[in-house]
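Trainee: next comes the sequence, and after it the predicted model I'd like to discuss.
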Amino acid sequence: MMIVMPVMLLVVFGYAASFDVTSIGVAAGPGAEAVVALLPEPFETVEAGAGDPLEALRLNEADVVVAGRPGALTAYIDGSELFTARAALQAVTTVAGQGIPIRAEVAFNPGLETSAVLVPGLAGLILIFIGSLVTSLGVVHERQAGTLEQLAVMPLTARDVFVGKVAPYFGVAALDLTLVLVVGSLLFNVPFIGSVWLLALGSVLFLLVTLGIGVLISTVSQNQGQAIQLAIMTLLPQVLLSGLIFPLESMAPGVRWIGYLLPLTYFNQVARGVMLKDAPLEALVLPIGLLALLGLVVFGLAVLRFRSDLAPSGRRAVAV
Amino acid sequence: MSYGLAGVDVAYGRVVALSRFDLDLAPGSVHALIGPDGAGKTTACKVLVGTRRPERGEVRRPSAHLVGYQPESAGSWPDLTVAENLDFVSRSFGHRRDGRIDELLELTRLRTARDRLAGDLSGGMRQKLAVAMAMLARPALLVLDEPTTGLDPVSRSGLWRLVLRAASEGAAVLVTTSYIYEAERADTVTFLDDGHAIATGTAASIRAGFQGVMSVTAECPEAGTFWRRGRNWRVWTRAGTAPANGTTVAPDLEDVVTAASMEPVR
């Protein structure tokens, strides 16, 4: 593992590490079609249903919407996708310099601040740390101390024990998330213009996945050293392949699919969408739905593994 | 009504931990499971209490409310005090406060340590706490995995007092130990080696089943089956007479099980 893993990680992360923007979805408002057609690659024309340009961006229908009166067009750029926005801004500025009457306006993150884009995702990363690493270490420690075995023979159901183990971590992680978001917003001036309840929904689902990963790690780890190694192996891809640092669209297709399996990918989309864009539920149905699906699968597996780990004999004994 | 195992097989991968293992535990009595490290004692305990599933065989145990278990690693919560550990177990078993905790604190002489964290206790005190936790619910089946390992003779003696107390309260008690002489205190004994039960019965019946001659020599014998014990050598002669320079002795339980573990064929 120590020989193969570094090479494998280098290959995977090497193909993922790219800031190049290969595609910018641009929608044309009424009368803007001709100008949009002049925009060079990597602009690609997309259809936007929303009439209002900002609403179209909020609903993730496009990265850029060009709208306005002929002769006074504005390219509204979604600033929540930093590298895409920078590439779009540069391209629009270049086109404007060639005499085409268009100006650029960055929405949702006008200053294109890195912190505004990173802090929501970093909050998720911190949650993964709490959820997977600390949970797995805690449960493995209990097993090594014999207290988990003690619980297994007590007249408690596996569900009682599972909830008893996971609930405190859930509470701590939820508190941490709140703190990180509040402190992040205050220290780095990250806006929070969306629905707290929508972010809470995404966070709860995300927490279920990360806690499930933590419990799964604990069920396959014999000691805390193994748990740490496994947790790091699940943490690293989330840092590099979730779109937190490198845009998913810029990654080679061979590694991009890994990003679509990671919970941080979807939490990142939800957190950025809610905090920066006030994205409504209909714009976040996909990431929230996928988080729910991941939660169901991972948390369900964790419950099953934990149950069989805790009481493998179950009903096999003859009660006398 | 007895508890125990019948024809139990357990393997960890290719390593056989228990093979066709039988164990019979009668209420009100103490059964000692003895054997060297890796013999399968802990596995037998785990199968009996239900934390390890056997590949084959039957397990007879009461419902979870009537099982007390002290795992090999003691199993107390280091961040809770002595009293909190006992209280947590008591509440988990659905017991009301009926003086049982105070009674066990008295029996284990942990009363003065009731407010100390379990993690701050000495090894002997922690083992006593673990046994007290296992005894708390007045179990019908009490399984203690190496409760005396690493303890000084006084603590060991105190723990055995607890074990006998549990049996006197009607529990069927299983105690595993690597100290063979401790097994003499139990009503019945099973000697386990490499997953196989080599001998079962009372200590006296196991001793009586010894075949051959046991002798003691001061010098290392040149042939035969022998081992060091104390400052002398024990020599086991399966058939024939003892070595000329040896003194014939009546084998004790340790001699018998050591000799049995040297039998090449099982």
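Mentor: Here it is on my side, so go on. Residues are numbered from 1 along each chain as shown, chains lettered A, B, ... in the order given.

Trainee: then B:I198 would be within a helix, right?
Mentor: No: in this structure, B:I198 is strand, not part of a helix, as judged by DSSP: H, G, I helix; E, B strand; the rest coil.

Trainee: where does it land on pLDDT?
Mentor: Looking at B:I198, its pLDDT reads 88.

Trainee: can you check B:R126 too?
Mentor: 90.

Trainee: helix, strand or coil: sort out it for me.
Mentor: helix.

Trainee: do A:Y76 as well
Mentor: strand.

Trainee: for it, give its distance to A:G97.
Mentor: Going from A:Y76 to A:G97 by Cβ to Cβ, to the nearest Å gives 19 Å. (Glycine included, C-beta is placed from N, CA and C.)

Trainee: B:Q70 too?
Mentor: 80 Å.

Trainee: the two: which has the busier surroundings?
Mentor: A side-by-side neighbour count of B:Q70 and A:G97, using other Cβ atoms under 10 Å in any protein chain shown, places B:Q70 first with 29 against 8.

Trainee: leaving out chain neighbours, which residue sits closest to the one residue in the stretch 101-250 of chain A that gets nearest to chain B?
Mentor: Going by Cβ to the nearest Cβ, chain B is nearest to A:G146 of the stretch 101-250 of chain A, at 3.3 Å. Counting by Cβ to Cβ, 6 or more residues apart in numbering or on different chains, A:G146 lies nearest to B:S73, which is 3.3 Å off, once chain neighbours are set aside.

Trainee: got the contact list for that neighbour?
Mentor: Residues counted as contacts of B:S73 (Cβ atoms under 8 Å, 6 or more residues apart in numbering or on different chains) are A:Q144, A:A145, A:G146, A:E149.

Trainee: the last one contacts B:G75, correct?
Mentor: This means A:E149. Yes: between A:E149 and B:G75 there is a contact under Cβ atoms under 8 Å: 6.3 Å.

Trainee: shared neighbours, those two?
Mentor: B:Y69.

Trainee: find the centremost residue of chain B, please.
Mentor: The centroid of chain B falls nearest to B:T176 when counting by Cα atoms, centre = their mean (1.5 Å).

Trainee: name the element A:L187 belongs to?
Mentor: helix A:158-188 (DSSP states H and E).

Trainee: for whichever helix or strand comes after that helix, which helices and strands make contact with it?
Mentor: Counting by DSSP H and E, the next helix or strand C-terminal to helix A:158-188 is helix A:196-220. Under the contact criterion of 3 or more Cβ pairs under 8 Å, 6 or more residues apart in numbering or on different chains; DSSP states H and E, helix A:196-220 touches helix A:114-128, helix A:135-145, helix A:158-188, helix A:224-241, helix A:263-277, helix A:281-310.

Trainee: any idea of the angle the longest one forms with helix A:114-128?
Mentor: Relative orientation of helix A:158-188 with respect to helix A:114-128: 160 degrees, computed using axes from the mean of the first three to the mean of the last three Cα atoms, to 10 degrees.

Trainee: from the chain's centroid, how far away is helix A:158-188?
Mentor: 17 Å (Cα atoms, centre = their mean, to the nearest Å).

Trainee: over to the second one?
Mentor: Taking the mean C-alpha point of helix A:135-145 and that of its whole chain, the gap between them comes to 27 Å (Cα atoms, centre = their mean).

Trainee: how about it as CSV, C-alpha atoms only?
Mentor: Extracted C-alpha coordinates of helix A:135-145, given in CSV (Å, rounded to 0.1, in the frame of the first residue of the first chain):
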residue,chain,number,x,y,z
THR,A,135,-16.3,9.4,14.9
SER,A,136,-14.3,6.5,13.7
LEU,A,137,-11.5,7.1,16.2
GLY,A,138,-14.1,7.3,19.0
VAL,A,139,-15.8,4.1,18.1
VAL,A,140,-12.5,2.2,17.5
HIS,A,141,-11.3,3.5,20.9
GLU,A,142,-14.4,2.1,22.5
ARG,A,143,-13.9,-1.2,20.9
GLN,A,144,-10.2,-1.4,22.0
ALA,A,145,-11.2,-0.5,25.5
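
Trainee: elements contacting it?
Mentor: Helix A:135-145 packs on helix A:147-153, helix A:158-188, helix A:196-220, helix A:224-241, going by 3+ Cβ pairs under 8 Å, 6+ apart.

Trainee: run through who's touching that helix.
Mentor: Under Cβ under 8 Å, 6+ apart, the answer for helix A:135-145 is A:148-149, A:151, A:165-166, A:169, A:210-211, A:213-215, A:217-219, A:221, A:223-224, A:226-228, A:230-231, B:73-75, B:77-78.

Trainee: show me just the buried residues among those.
Mentor: A:148-149, A:151, A:165-166, A:169, A:210-211, A:213-215, A:217-219, A:221, A:224, A:227-228, A:230-231, B:73-75, B:77 (16 or more other Cβ atoms under 10 Å in any protein chain shown).

Trainee: avg pLDDT for stretch A:228-239?
Mentor: 86.

Trainee: sorry, wrong one. I was asking about stretch B:105-115.
Mentor: pLDDT averaged over stretch B:105-115 gives 91.

Trainee: so for that stretch, first residue to last residue, what's the gap.
Mentor: 11 Å (Cα to Cα, to the nearest Å).

Trainee: sec struct for the closest residue to A:F19 other than its chain neighbours, please.
Mentor: Nearest residue to A:F19, sequence neighbours excluded (Cβ to Cβ, 6+ apart): A:F83, at 5.5 Å. Following three-state DSSP, we place A:F83 in the helix state.

Trainee: dump the residue contacts of A:F83.
Mentor: A:F83 touches A:F19, A:V21, A:P247, A:S250, counting by Cβ under 8 Å, 6+ apart.

Trainee: so it versus chain B, what's the distance?
Mentor: Distance from A:F83 to chain B, counting by Cβ to the nearest Cβ, to the nearest Å: 47 Å.

Trainee: again with A:P42
Mentor: Relative to chain B, and taking Cβ to the nearest Cβ, A:P42 is found at 54 Å.

Trainee: okay, now B:A11: neighbour count?
Mentor: If we define neighbours as other Cβ under 10 Å, then B:A11 has 15 of them.

Trainee: which element is it on?
Mentor: strand B:3-12.

Trainee: which other helices and strands does that strand contact?
Mentor: Using 3+ Cβ pairs under 8 Å, 6+ apart: strand B:3-12 touches strand B:15-25, helix B:41-49, strand B:56-61.

Trainee: rerun at 10 Å
Mentor: Packing partners of strand B:3-12 (3 or more Cβ pairs under 10 Å, 6 or more residues apart in numbering or on different chains; DSSP states H and E): strand B:15-25, helix B:41-49, strand B:56-61, strand B:141-145, strand B:172-177.

Trainee: in a markdown table: those, plus distance to B:G246.
Mentor: What follows is the helices and strands packed on strand B:3-12, written out as a markdown table (distance: least, Cβ to Cβ, whole Å):
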| stretch | distance to B:G246 |
| --- | --- |
| strand B:15-25 | 35 |
| helix B:41-49 | 33 |
| strand B:56-61 | 43 |
| strand B:141-145 | 38 |
| strand B:172-177 | 29 |
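
Trainee: with distance to B:L105 and mean pLDDT as extra columns, can I get the ones you listed in a markdown table?
Mentor: Shown next, in a markdown table, are those (distance: least, Cβ to Cβ, whole Å; pLDDT from 0 to 100):
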| stretch | distance to B:L105 | mean pLDDT |
| --- | --- | --- |
| strand B:15-25 | 27 | 93 |
| helix B:41-49 | 24 | 94 |
| strand B:56-61 | 28 | 94 |
| strand B:141-145 | 18 | 95 |
| strand B:172-177 | 20 | 95 |
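
Trainee: okay, the ones you listed in a markdown table with distance to chain A next?
Mentor: Formatted as a markdown table, these follow (distance: least, Cβ to the nearest Cβ, whole Å):
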| stretch | distance to chain A |
| --- | --- |
| strand B:15-25 | 11 |
| helix B:41-49 | 5 |
| strand B:56-61 | 4 |
| strand B:141-145 | 8 |
| strand B:172-177 | 11 |
